[in-house]
Every structure is written in structure tokens, then in C-alpha cells.
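In: how does the following fold in three dimensions:
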Amino acid sequence: VKMSVRNPSRLLDLAGKHLLRDDALAFSVLEDLPTELFPPLFMEAFHGRHIETLKAMVQAWPFVRLPLGGLIDMPHMGPLQAVLEALDGLLAQKVRSRKCKLQVLDLRNTGQNFWSMWSGASSYECSSSRMAPVAEQSSMAKQHLAPLKIFIDLCLKKRTLGNFLTYLLRWVEQRKVSVHLCCKKLKISAMPMDNIVKVLSMVQLDCIQEVQVNWIWHLSTLAIFASLLGKMSNLQRLRLSPIHLSAFTEQEQDHIAQITSQFLRLGHLQDLHLDYPSFLEGCLDQMLRCLKSPLDNLSITNCWLTESDLTHLSQSPNISQLKGLDLSGINMTDFNPELLRILLEKVEGTLQELDLDLCGIKDSQLEAILPVLSLCSRLRYFSLCGNFLSMAVMEKLLRHTTGLPCLTQERSPAPQESYRSQGVLLEARLAQLRAQLLEILRDLGRPRVIWISPSPCLRCGKNICYHLEPIIYSCTAPA
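Out: Reported below is the predicted structural model:
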């Protein structure tokens, strides 16, 4: 006879549920509560709105970090207020609980692995082997020597501060000595500069590692922000969107000097992305001279540069280790073909991604870089969409790059022969040329996928088209 027996709840489950029914009992036993009970019990208290128990658990938290952001919906302040009130009590204590190791409140949308690890299949299931590293990390933490750190990712996308951010900033401002607000990722869009300055005055700027600005700023506005940027000494990634240059006056020249000089203070910068930086024309060398360390990725797109700018770029010692280079939207039609070749020679040993879309590149300019392009052995991605190339030169491109072992993504323009003299795309002719390109790939004998982009796209009208199916050649052994 088979009997269906329901597995009984574990003793830890029952103990945790009993504690949550009696706040006074919970307070009295927290000091002796096993470490493995804290995360699942905290989750139960949090989701069950046991506010007093929640506060008591914060003040006895046995880990260095409390990843609260993984549990709460940030715009709702109720849970956050309860935790901050608990922190007030903790900061006021002259002698903390011997169990408490809390040094970091993490409000970022992270920590899900922490909570899932401790919850397990059962609410309180966690093996001692998984528990040991966390406990060891906690025991090594130095208490009372440093201010409490609060980590948050800032996204300043509204013209005014929301209730949550206003409340948090006011709370931090009143406790500047004992609390540090830390941010690793900063995104800015529509917020006025006055409010941005106000927010960042509360933040430990040397904690910021990534800044992204997606808003049109005048050069004078960027100059104000640059004074803050220079204090972000551990910044690794900087992405700036369109910067409007009203007129190239003496005052604008002063703004450019203020901006570029701040790069002298960014000794850890690895990725620099500048989109529509109108102020760089004829001034690129001024910025390059201020770079303090080699870049991994450089993107300067959709702006005018001079031949002198490109020369200075190729001569900069801080581009010699580039893994990614994006010069899309920089018109090189009238540039000396040798300039691009010299630039690529500097990066051939490290380059993995090269984007030259919409650069007005002609046959002679592409032919000039083909020999060095064939030496970029680490190249994985290469795009030339929106340029003016003949079928003959595109065949040369395929033959020169066939030996690149890592190249897996290739994007090319529709050959010039696909268009009428007025620039109208001939779809039947393009289909014929695509078939010819496939034959060339068969002749070369290496599996490849090539995306061909007409410009403009017949479907959406954009300069680069992603709608057409790629040309795919996969060599298969005969049966």
C-alpha cells in the first residue's frame, strides 16, 4: 500500500513564523538568532509588513551589506522609511549589537541572488557550505570605523525631483558625517542643471564609475557639469549626447578648455563616447592631450572633424590599445586616404570592433586600408553601411578579410551599381549583386554572414537598413 505523506515543515520554518507573530519575542532573540535565519525572516517581515520586527532586524543585521533594492519598488517610500528609521537608531547607538555587521545599504536593483540563495526551495533552507563565505566576509568587516554607505543608481530623467529621491537626499543631508551616498551609475536626461548640481552635492563623486548624458546641452552647460565630472576620479565610462555650440566665440573657447582640462583628473577612464560633439572640430588634440590613460573604447560620432583632428587621433598614445573604435557619421570624403590607414595601423593588434558607417568613404579610401584591415586578427565586428563603394571594391574587401578568424559580424552598403544615377535603388539589380557576393563567398570557402544595407532604407527611410535578410554562406561537407 502506498501512502502519500506530506513533508513536514522544517523546524526553522516553524520557528521563524512563530517569531513573526510575536514582535516582543523577536526583539529578545535576535541577538542569538542563527545567521541563516536572518535573510528569510527579513523577507517574511518585509512582505508581511511587520515593521517593528523589520526595524529590529536592520539593527542586528549580521552581514556587511543589506541589498534592499532587490526587494522593494523604489518609488514607494514606506519600506524605505522604516529601514531609514532603523538606521537612525543604529547610528545613535554608542555600542552596537555584537551581531550587527551592517556597513552598506544597497538600494540598487541588485541582490536577487542573495535573497534567492538564502530562501532556497524552502523559506529557510541554506546549506552550511554556502553560508560560510558570507559569515567569513562579515567577520572580517571593520565596524564603527567608516560611515554607513548607501548605494543607489541615479537616473535623473525628470525636470523635478521625485518624492523618493527628495526624501532620501534630505535624510542623507542631515547625516552627512555618518552617512555617505554612493552612486556607481549616473544617467541624466531632462533634469535642469541646478537640480543636477543639487543632487550630486549629496553624492560621493569619487564612487561614480559610469556617466551617461542623453540630453541636448549648450557648451556652457557642459562646462558647469565638467567641474563635477573632474571630481569623479574613478570614472571608467563616459557617454555624452548632443552638445550644442552656439557660436565659436572666445567665451566658447574658454568653455572647451574648462571641459577638456577635466580629463586630466580621470585617470581610470576606459570608454569614451561622444555623440554630436560639435565643439570638437579642430580641437580634438586639446582633449586627447588631457587623457591620462589608454582607452579601451572610443566613439566620436555624427560631427565634423578636420584632417588635422584625424592625424592627432592617430598620434595619440592613448588609443594604441583600443578594442572598439566608432567614427560613424564623420564625413571623410575629402580626407587623404592614408589618414585612416595610419590610424588603423596603431590599433591593429587590439581592435575588435570598427564602425565606419556614413563616413562618405570612397573606393580609394577603402582600398588604402585593406592591407592593414587584413592584419586586425582580433576584429569581430566591422560596419561600413552608408558609404559609396563599388562592387569591385566590395569583392576586394571580402577577399582581404576572409582570413580574420574572429570576424563574425560584417555590415556593408549596397554596391553603387545597385542605384540609378539619381540615387534610386534598383531592387532587382541589388538581388543580382547579392547573388554575386554569395558566389564570391563560396569561392573563398569560409562560412560567413554579410548584412547588406541600402541607403536610404526603402521600408523606413533611415540611412542604414536592418530589414533585409543577410547573405549567408555555410560550407557543408559533401554527402
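
In: now do Met131, the pLDDT please.
Out: Per-residue pLDDT puts Met131 at 33.

In: no, scratch that, I was asking about Lys462
Out: Lys462 carries a pLDDT value of 73.

In: what strand or helix carries the nearest residue to it once chain neighbours are set aside?
Out: Distance criterion C-beta to C-beta, 6 or more residues apart in numbering; nearest residue to Lys462, sequence neighbours excluded, is Pro456 at 6.3 Å. In short, each C-beta sits where N, CA and C put it, glycine included. Element membership for Pro456, per DSSP states H and E: none, as it lies in no helix or strand.

In: in this structure Pro456 contacts Tyr419, no?
Out: No: look at Pro456 against Tyr419 with C-beta atoms under 8 Å: they stay out of range, at 11.0 Å.

In: now stretch 300-312, how far from the centre of its chain.
Out: When C-alpha coordinates are averaged (C-alpha atoms, centre = their mean, to the nearest Å), stretch 300-312 and its chain have centres 25 Å apart.

In: show the end-to-end separation of that stretch, please.
Out: Start-to-end span of stretch 300-312 (C-alpha to C-alpha, to the nearest Å) is 14 Å.

In: any residues touching it, and which ones?
Out: The contact list for stretch 300-312 (C-beta atoms under 8 Å, 6 or more residues apart in numbering) reads 273-278, 280-285, 288, 326-332, 335-336, 339-340, 342-343.

In: check contacts around Lys198.
Out: Residues near Lys198 by C-beta under 8 Å, 6+ apart: Leu161, Leu169.

In: just the pLDDT for it.
Out: pLDDT, Lys198: 92.

In: hey, C-alpha coordinates of the helix or strand where it lies in PDB?
Out: Following DSSP H and E, one finds Lys198 within helix 193-200. The C-alpha trace of helix 193-200 is given here as PDB (Å, rounded to 0.1, in the frame of the first residue of the first chain):
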ATOM      1  CA  MET A 193      21.500  71.700 -14.300                       C
ATOM      2  CA  ASP A 194      20.600  73.400 -11.000                       C
ATOM      3  CA  ASN A 195      18.800  70.300  -9.800                       C
ATOM      4  CA  ILE A 196      21.700  68.100 -11.100                       C
ATOM      5  CA  VAL A 197      24.200  70.100  -9.000                       C
ATOM      6  CA  LYS A 198      21.900  69.900  -6.000                       C
ATOM      7  CA  VAL A 199      21.600  66.100  -6.300                       C
ATOM      8  CA  LEU A 200      25.300  65.500  -6.900                       C
END
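
In: how about the helices in the stretch 251-400 of the chain?
Out: Here the stretch 251-400 of the chain has its helices, by DSSP state H, counting those that start in this stretch, at 284-288, 307-315, 337-347, 363-373, 391-401.

In: so which bits of the third one are buried?
Out: Read that as helix 337-347. Within helix 337-347, the residues scored as buried using 16 or more other C-beta atoms under 10 Å are Pro337, Leu339, Leu340, Arg341, Ile342, Leu343, Leu344, Lys346, Val347.

In: show me what that helix is packed against.
Out: For helix 337-347, the packing partners by 3 or more C-beta pairs under 8 Å, 6 or more residues apart in numbering; DSSP states H and E come out as helix 307-315, helix 363-373.

In: among these, which is nearest Ser178?
Out: For those, the distance to Ser178 is smallest for helix 307-315, at 47.1 Å, taking C-beta to C-beta.

In: quick one: average pLDDT of the closest one?
Out: Average pLDDT, helix 307-315: 97.

In: now swap in stretch 90-102 and tell me
Out: Averaged over stretch 90-102, pLDDT sits at 83.

In: end to end, how far does that stretch reach?
Out: From its first residue to its last, stretch 90-102 covers 10 Å (C-alpha to C-alpha).
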